[in-house]
Every structure is written in structure tokens, then in C-alpha cells.
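Participant: please find the sequence and the predicted model below.
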Amino acid sequence: MSVTEKDLERILEAYPAKVKRNRKKHILIKDSSQEPQEIEANTRTIPGIITNRGCAYAGCKGVVLGPLKDIVHITHGPVGCGYYSWLTRRNKAKTPPDGKNYLAYCVTTDMQEKDIVFGGEKKLAQVIDEVVEIFKPNAITISATCPVGLIGDDIQAVAKAAQEKHGIPVMGFNCEGYRGVSQSAGHHIANNGLLEWVVGKGEMTAAPAKYSINILGEYNIGGDSWEIHRILEEIGYHVIAVASGDGSYEDLKNAHVADLNLVQCHRSINYIAEMLEIKYGTPWLKVNFIGVEATCQSLRDMAQYFGDEELIKKTEEVIAKELARIEPILEQYRKICKGKTAFCFVGGSRGHHYQKLFEDLGIETVLAGYEFAHRDDYEGRQVIPHIKVDADSKNIPELHVEPDPKFFKLRISPEKAEELKKKIPLSYYAGMNVDMKDGHVIIDDMNHFETEEFIRILKPDIFASGIKDKYIPHKMGIPSKQLHNYDYSGPYAGFNGAVKFAQDVTAMFTNPAWNFIAPPWKGKPLLEGQLQK
Ligand code: CFM
Ligand code: HCA
């Protein structure tokens, strides 16, 4: 089953002319003879369309800052924003011996009408005092939600005064929901703040061990980063900081001394990776620990980067051991998964990353897309050399960073880093469009109407996406897997994660419940049809 240009035309026909013109630019049928195919991305969703996107606050507080466990994150705004970003993402964290893990708490100023009318600054200052008294955290963040920006509370002034009063870092993030067109703008705001106020503030002046690395853009959803740690530590890497899954203010302060930055989710963290390269000369390497093949490739790229014979040997040993352990298990699941098809529509990197894991199991991704990625996530950085083409980069000012010569001396030259990047295929970040097969659909900011239409045509065996659209395919009789929070499961990263994923999707395919749901196209006429008779 595939989608033709005629099918696409028919789907878009339902829209008013202007909307049709807009949406057409966000949908591609992959055709490698046309490479590079351009797609429109990171532009405003048309009002009235049911999108899966979130807001700048979600990207800043929910995604990038939220997982830092020794910080109390205050949401300044009415209660809903804090409440709905409270634990739903399933970013896990272990409590360290000092007990500083505040992730289970939802701290908000709970603004009321009175605060909206007379201003919320006093209330915010009071909440900070209470937080310091009760928790004594290592740092505090304040994230502003829409009404705060509209009434003009000066959260930066409150943060500054509180920092002086309490003697701990208090960081204000102006991530009001309406900034930018999606959560992507919030990533950028959070990245700027972390580089300005956290990274580089630690005492370390040199890497504490051989092969010291940071893992950027990994959020420990369902325990992913624990599995990645397990593998890396066995090979002999030393992880200084993770941004930001199971991460902490204390670790992130010293991220500037690492030899190499791994970039797992490029979309949410590329700004920090690039600023670290400019300021401290730390090169970054794009990795993907989702999928067996992808994990092996990433480990090999890392070993190549350091170029040490011992490390290359140890990497191969660990890969061989892990594969010998998991391959026979995966082979059992492949018997059921092989030949099935999937839709893979997630935020800004998983729509691409998870195709590798499906592929490991013999499942082909026939439609994929991102909610809020930028063009470079689709087309690849080879094609689009810099993210400045994008809308939110115009709205969110770049943070000005200067090279710090002390750290440059510790590293390989930028020329050598460039040379290495060319040798290591994954480090040149190839986008989704590069990997998808001809005839398959690539779609940006897919909405609920289009979801139904494409399901009707392609009838996938599994639909992978988020909570907002999960029940559309369910009602159509198609199993649906959340790839944001993994429903209640995980980890899905690395070798053990691949096994867990195989087990979960196989259980979905074999669940007899689906036999009791008739998709609408197989059943009775729809209500409208009956009324028209
Ligand atoms: Fe990066 Fe993420 Fe994603 Fe993302 Fe997100 Fe997420 Fe996601 Mo949900 S940071 S872009 S803003 S990989 S929260 S852990 S699952 S949409 S694809
Ligand atoms: C967010 C967080 C989210 C939402 C998931 C979903 C997550 O964007 O604010 O819509 O299912 O991963 O928790 O992406």
C-alpha cells in the first residue's frame, strides 16, 4: 500500500484553498531522484487545526530544565501549566545520598485573578523563600507561562533579588508559551540559560578521567540513559554530565571539561552543543542509541573519534558480547514483527530515531514525521548548513559566546575535529528524509484529520506517537504505542531497551483484543451516511 500524489490531492481537497497551499508544503512522498527534497517546518500551525504540538514553556521547563533533579523548578503561572507538566514525561532520576531529588514535586505560584490584575512578583518572591526554607535545593529555576508575559511580571528582577538574598543560583526563564511556534523555542531559551548560568561554573579545569564525555539531549525517559550509561561505562567511558536525564546542576556545572559531547536529541540541545564547541572547543558527535544497529554504529563512531586501539578493541568486545546475548531473544520476536508496517510520528527526533529500532525487528516505517523539528532535522545538516533559516531562531536571540583559550589548548584543533567528522558518517547529521524509503510519506506537524486519512490509506500495523492522537488509531482498531513516555514501559534505548521494545510491540500485535474492534471502513455506514439516506 502506498500514497500517490492523487491520494494526497484528495486529502488536501478538504481544506480551504489557503490552508491547502500551506499543508501541501509540509507533506512529502519520498522520491530519491528528487534529492534533496525540501519540506516546510517550524512554522505556525494554522489556528483551528488539531495539532499535537506543545508550547515554549513545555520545551523549556518540561523538556530541558525539568529533569535536573537537584533544582526546584518553579512554574510561575496559573496552576494548569505546572500540573500538566508534572511527571507525565516519565523522565526518571535516582535520588543521590544527599537526598536532593525534587522531581516528584510540582511547585507553582498558582496565580489567581488577583495576581493577574495586581501582578505576581511578590507571590513569586514568597514562593522562592518557601522553597529555600523547605527544600534547600542546589539551585532554583523560574519558568514563566503565558499570562506572566502578558501582565509583564519582571521575573529576572525577582530572580536576581532572590539569588542575592539566599546565596544560591536562581534562574529566570522567559519561556512564555506563546514565544515561537512550538516547544522548540523553549529548548533554545533553556539552552541559552544553562550555558549562561550553569555550564562552566564548576571547579574542574581538566577532564577527570580518560574518555570523559557528556551525553546531551538524553532525558532518561523510562530509564533510557541508565541503559546507555551501562554500555558506555563497560567500554571505559567516563560520563561527566547528562543534559538532562537524571542530570543535576552539580554535574552540569563541570560539563565544560569533557573531551567530547554526544548529541542524542539534536533538536532540543544543538544550541548547547554548538555553544560548547565555540566557547570550550569541545567537538560534538551525533549519536543514536535507539536500535541495535544504531547503537553499534554510535559506539563505533565514538571509538573512531578517540582513535585509540585499546578502546576500539574493547568496543568490539562489548558489542559482540551484547549481540550474542540479545540476538537469539530478538529473533523470536522478529518471527511475529517481520513484514509489519508502522507510522512513526513524534516530536523532534524520535520520528527518525525509532525507525531504526522498527527496522531491527523487520517493521517498515511507511509514514514518519515530526511535530516541531526544523528543516535540518528532515533534510540533514549537509544540505542546510545552519539553523538560522528557522522562525524561532529569529525570535529567540542567540547567546553571544566567546572562545575560552584555556580550554582550547586541552583539545584537538578545530581542523582535526572537522577531518574526523568527515570520517565518521553519523557525525554529519543526516536527517529523516535521507533515511526513508521511496514512496513513503514524510509529514510535518501532522494533524488529527490527516492522521485518520493516512491511516485509512496505509492501514499500518502499529501507530507510534503521543497521548494526543493515541486513541484515534485505537478506535480504528490499530495498536498504538506512545513513543514519548513509552506508555508505562521502557527503557527502549541500547541493547536491553531493544529487547524490551520488541517484547512490548509483539505483545501488542498478538493481543486478541484488536480482533473485537472493527475499523470504521469495515463496519456500518457512518452516522452522516445514515442521516443522508
Ligand atoms: Fe528531543 Fe525528547 Fe524528541 Fe524533544 Fe519532546 Fe520527549 Fe519528543 Mo515528547 S527532547 S525532540 S521536546 S527526543 S518531550 S524526550 S518525546 S516531543 S521526539
Ligand atoms: C511536551 C511533552 C511531551 C508530550 C507527549 C505527548 C512528552 O511536549 O510537552 O504529547 O504525548 O514527551 O512528554 O512531548
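Facilitator: Noted; the coordinates are in hand. Ligands and ions are numbered 1, 2, ... in the order given.
Participant: are we agreed that Ile240 is in a strand?
Facilitator: Yes. Judged by DSSP: H, G, I helix; E, B strand; the rest coil, Ile240 forms part of a strand.
Participant: what does this structure put close to ligand 1?
Facilitator: 59, 63, 89, 183, 217, 219, 221, 265, 267-268, 346-350, 484 (CB under 6 Å from any ligand atom). For the C-beta atoms, the positions are set from N, CA and C on the backbone; glycine is no exception.
Participant: among those, which ones are in helices?
Facilitator: Gln183, Arg267, Ser268, Arg350 (DSSP state H).
Participant: hmm, back to that, most neighbours among the residues of the chain next to ligand 1, which one?
Facilitator: Highest neighbour count within the residues of the chain next to ligand 1, by other CB atoms under 10 Å: Gly59, with 32 neighbours.
Participant: what's near enough to touch whichever residue of the stretch 301-450 of the chain sits closest to ligand 2?
Facilitator: Closest approach between the stretch 301-450 of the chain and ligand 2, counting by CB to the nearest ligand atom: Gly347, at 5.2 Å. Residues near Gly347 by CB atoms under 8 Å, 6 or more residues apart in numbering: Gln183, Arg267, Tyr370, Glu371, Phe372, Ala373, Gly466, His484.
Participant: what of Ala417?
Facilitator: By CB under 8 Å, 6+ apart, the neighbours of Ala417 are Pro283, Arg411.
Participant: in what helix or strand does it lie?
Facilitator: helix 414-423 (DSSP states H and E).
Participant: angles on the backbone of the nearest residue to Ala518 once chain neighbours are set aside, please.
Facilitator: In space, and not counting its chain neighbours, Ala518 is closest to Gly477: 6.5 Å by CB to CB, 6 or more residues apart in numbering. In terms of degrees, to the nearest 10, the main-chain angles of Gly477 are phi 80, psi 20.
Participant: all the helices of the stretch 51-200 of the chain, in order from the start?
Facilitator: In the stretch 51-200 of the chain, the segments counted as helices under DSSP state H, counting those that start in this stretch are 56-57, 79-84, 113-118, 121-135, 146-151, 155-166, 183-197.
Participant: if we can go back for a sec, against ligand 2, which of the ones in helices among the residues of the chain next to ligand 1 make the cut? List them.
Facilitator: Counting by CB under 6 Å from any ligand atom, the members of those near ligand 2 are Gln183.
Participant: can you redo the ones in helices among the residues of the chain next to ligand 1 as a markdown table with pLDDT?
Facilitator: As requested, these are exported to a markdown table (pLDDT from 0 to 100):
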| residue | pLDDT |
| --- | --- |
| Gln183 | 96 |
| Arg267 | 95 |
| Ser268 | 97 |
| Arg350 | 98 |
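Participant: in a markdown table: the ones in helices among the residues of the chain next to ligand 1, plus distance to Glu227.
Facilitator: Shown next, in a markdown table, are those (distance: CB to CB, whole Å):
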| residue | distance to Glu227 |
| --- | --- |
| Gln183 | 25 |
| Arg267 | 21 |
| Ser268 | 19 |
| Arg350 | 16 |
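Participant: export the helix holding Ala417 as PDB, just CAs?
Facilitator: The C-alpha coordinates for helix 414-423 follow below in PDB (Å, rounded to 0.1, in the frame of the first residue of the first chain):
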ATOM      1  CA  PRO A 414      39.200  22.500  15.000                       C
ATOM      2  CA  GLU A 415      40.700  21.400  11.700                       C
ATOM      3  CA  LYS A 416      41.400  18.000  13.100                       C
ATOM      4  CA  ALA A 417      37.800  17.800  14.500                       C
ATOM      5  CA  GLU A 418      36.400  18.700  11.100                       C
ATOM      6  CA  GLU A 419      38.500  16.000   9.500                       C
ATOM      7  CA  LEU A 420      37.300  13.400  12.000                       C
ATOM      8  CA  LYS A 421      33.700  14.400  11.400                       C
ATOM      9  CA  LYS A 422      34.100  13.600   7.700                       C
ATOM     10  CA  LYS A 423      35.500  10.100   8.500                       C
END
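Participant: quick one: name whatever helix or strand follows it.
Facilitator: With DSSP H and E, the next secondary element past helix 414-423 is helix 432-435.
Participant: next, the buried residues of that next one.
Facilitator: Neighbour-count burial for helix 432-435 flags Met432, Asn433, Val434 (criterion: 16 or more other CB atoms under 10 Å).
Participant: next to ligand 2, which bits of the stretch 401-533 of the chain? Give me the list.
Facilitator: Residues of the stretch 401-533 of the chain lying near ligand 2 (CB under 6 Å from any ligand atom): Gly466, Ile467, Lys468, Gln482, His484, Asn485.
Participant: ok, for Ala243, nearest residue in space, not its chain neighbours?
Facilitator: Leu216 (4.8 Å).
Participant: dump the residue contacts of the residue in the stretch 151-300 of the chain positioned nearest to ligand 1.
Facilitator: Ligand 1 sits closest to Cys265 of the stretch 151-300 of the chain, with a gap of 3.1 Å, by CB to the nearest ligand atom. Taking CB under 8 Å, 6+ apart as the criterion, Cys265 is in contact with Leu216, Gly217, Glu218, Tyr219, Gly348, Ser349.
Participant: what do you get for Ile329?
Facilitator: Val499, Ala502.
Participant: work out for me the element it sits within.
Facilitator: helix 309-337.
Participant: who touches Arg53 in this structure?
Facilitator: Contacts of Arg53 by CB under 8 Å, 6+ apart are Thr45, Val181, Ser182, Gln183, Glu371, Phe372, Asp445.
Participant: would you map the helices across the stretch 251-400 of the chain?
Facilitator: 266-280, 292-306, 309-337, 350-360, 375-379, 391-395.
Participant: any idea which of those helices has the lowest pLDDT on average?
Facilitator: Mean pLDDT values for the helices of the stretch 251-400 of the chain show the minimum at helix 391-395, a mean of 58.
Participant: which strands and helices sit next to the next helix-or-strand element following that one?
Facilitator: Using DSSP H and E, the helix or strand that follows helix 391-395 in sequence is helix 405-408. Counting by 3 or more CB pairs under 8 Å, 6 or more residues apart in numbering; DSSP states H and E, the packing neighbours recorded for helix 405-408 are helix 266-280.
Participant: got the angle for the helix it packs on vs helix 183-197?
Facilitator: 20 degrees (axes from the mean of the first three to the mean of the last three CA atoms, to 10 degrees).
Participant: alpha carbons of helix 266-280, as CSV, please.
Facilitator: Output of helix 266-280 as CSV, limited to C-alpha atoms (Å, rounded to 0.1, in the frame of the first residue of the first chain):
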residue,chain,number,x,y,z
HIS,A,266,19.8,17.1,18.2
ARG,A,267,16.6,19.2,18.1
SER,A,268,16.5,20.1,21.8
ILE,A,269,20.2,20.6,22.5
ASN,A,270,22.1,21.5,19.4
TYR,A,271,22.4,25.1,20.7
ILE,A,272,24.3,24.0,23.8
ALA,A,273,26.5,21.6,21.7
GLU,A,274,27.4,24.4,19.3
MET,A,275,28.0,26.9,22.0
LEU,A,276,30.3,24.5,23.9
GLU,A,277,32.2,24.0,20.7
ILE,A,278,32.6,27.7,20.2
LYS,A,279,33.4,28.5,23.9
TYR,A,280,35.4,25.5,25.0
